[in-house]
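J.: Sharing a sequence plus its predicted fold:
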Amino acid sequence: MTTFASALAVCTALLTSAAAFAQDKLPNVTILATGGTIAGTGATSTTTVGYTAAKVGVERLIEAVPELKKVANVKGEQVFQIASENMTNEHWLTLAKRVNTLLAQPDVDGIVITHGTDTIEETAYFLNLTVKSTKPVVIVGAMRPSTAISADGPINLYNAVTLAGSKDAVGKGVLVSLNDQINAGRDVTKANTSTADTFRTPELGFLGYMQDNKPHFYRQVIRKHTAETEFDISKLDSLPQVDIVYGYANNNRIALDAFVKAGAKGIIHAGVGDGSLSNAMKPGLVEARKAGVLIVRSSRVGNGIVARNGEANDDELDFVVSDTLNPQKARILLMLALTKTTDSKAIQKLFYTY
Ligand code: SIN
């Protein structure tokens, strides 16, 4: 071999091992795909409504963002392929178990879940209460289908993988990241039917930004989450039935009575204002409570604390208040609470803890 050829061989070997070393140092992030608009396709590049969600598989989502290789060693798993309005308690149990299994492995540093945006906030809060790890779990979606001009899925996925591989995201609870923002699973909500900046944590504020290929955190949630929670879903394959009844002018108790008759173990009342109960609804809730159904007063307003013994005498009626949880999140906490106890005082404590 000439001197030049052997020098070239040494350089190539050095470059190859440097590349392997750099790849070894990257975090290992698993992407669990569940469907949604991020995996949606439209008829044309300008179709941003009326498209079909949950069409593109996880491998294609990963291939569409080659830059992911620079920030993590990424693996993909297709867990479901659904539009998120079809998410069920059973899907959540399957997903939480898979996340817990993966995070217990030393070679998994973080998880990204691709998800439809319509119920992202519910899945995020469910996992926030049932994942038993401090490793990052980031849920991501998109508001425009993968075939649209300026689809937001690729940049959202890139940011989510970066966030899930970051040490800064450890111990922060389940996070929701879209539109360059990082929100807490407990507090985030979808606030616009169709714009890309739909995810908000109204009043309490989001946790930070994704910028320049890294997370920038400015606040964190102090309510208990993930590894600190007392809920164990590892042996469950269903959850107690909890339904939501809505407060509005000219209110009635028809839906409430139907839910109770159908076997609801708990009812979330999405009341007007500070969780007020109409004269038409209140007797139904009182009867349901006497029959053993747990009643949680929440609010349809979207912000603020539902005051205990404010708009109803909760001590006397043996009701629970949802604190700041919106009705759909209160439903999740009540279902999990009912897997542990039916004592209303203990359940109230859980609402002030999580
Ligand atoms: C869905 O939630 O599955 C459809 C809507 C979306 O992902 O934005």
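T.: Cool, got the structure.
J.: per-domain residue ranges of the chain.
T.: Domain ranges of the chain: 26-228, 242-353, per automatic domain parsing.
J.: Can you get me the start-to-end distance on the first one?
T.: It refers to domain 26-228. By C-alpha to C-alpha, to the nearest Å, the extent of domain 26-228 from end to end equals 28 Å.
J.: Please work out the average pLDDT along that domain.
T.: The average pLDDT for domain 26-228 rounds to 98.
J.: Make 867 the first number, not 1, from now on.
T.: Will do, 867 is the new start, and the previous item becomes domain 892-1094.
J.: and that domain, is it in reach of the ligand?
T.: Yes - interface with the ligand: domain 892-1094 contributes Gly902, Thr903, Ala919, Ala949, Ser950, Gly982, Thr983, Asp984, Gly1007, Met1009 (C-beta under 6 Å from any ligand atom). Yep, even glycine has a C-beta here, placed from its N, CA and C like the rest.
J.: can you pull the contacts of the closest residue to Phe1083 other than its chain neighbours?
T.: Counting by C-beta to C-beta, 6 or more residues apart in numbering, Phe1083 lies nearest to Gly1074, which is 4.0 Å off, once chain neighbours are set aside. For Gly1074, the contact set (C-beta atoms under 8 Å, 6 or more residues apart in numbering) comprises Gln1047, Ile1048, Pro1081, His1082, Phe1083, Tyr1084, Arg1085.
J.: Apply 6 Å and report the result again.
T.: By C-beta atoms under 6 Å, 6 or more residues apart in numbering, Gly1074 lies in contact with Ile1048, Pro1081, His1082, Phe1083, Tyr1084.
J.: which of these sit farthest apart?
T.: Within these, Pro1081 and Tyr1084 form the most distant pair, 10.2 Å apart (C-beta to C-beta).
J.: Please identify which of the two sits among more neighbours.
T.: Pro1081 (24 against 10; other C-beta atoms under 10 Å).
J.: correct me, but the more buried one touches Asp1034?
T.: Yes - applying C-beta atoms under 6 Å as the test, Pro1081 and Asp1034 come out as touching, 5.1 Å apart.
J.: tell me the SS of Lys1195?
T.: Of the three states, Lys1195 takes helix under DSSP: H, G, I helix; E, B strand; the rest coil.
J.: actually Ile1110, not the one I wrote
T.: Put simply, Ile1110 is strand when judged by three-state DSSP.
J.: Tell me, how many residues neighbour it?
T.: For Ile1110, the neighbour count with other C-beta under 10 Å is 19.
J.: That one contacts Pro1193, doesn't it?
T.: Yes - assessed by C-beta under 6 Å, Ile1110 is found in contact with Pro1193 at 5.0 Å.
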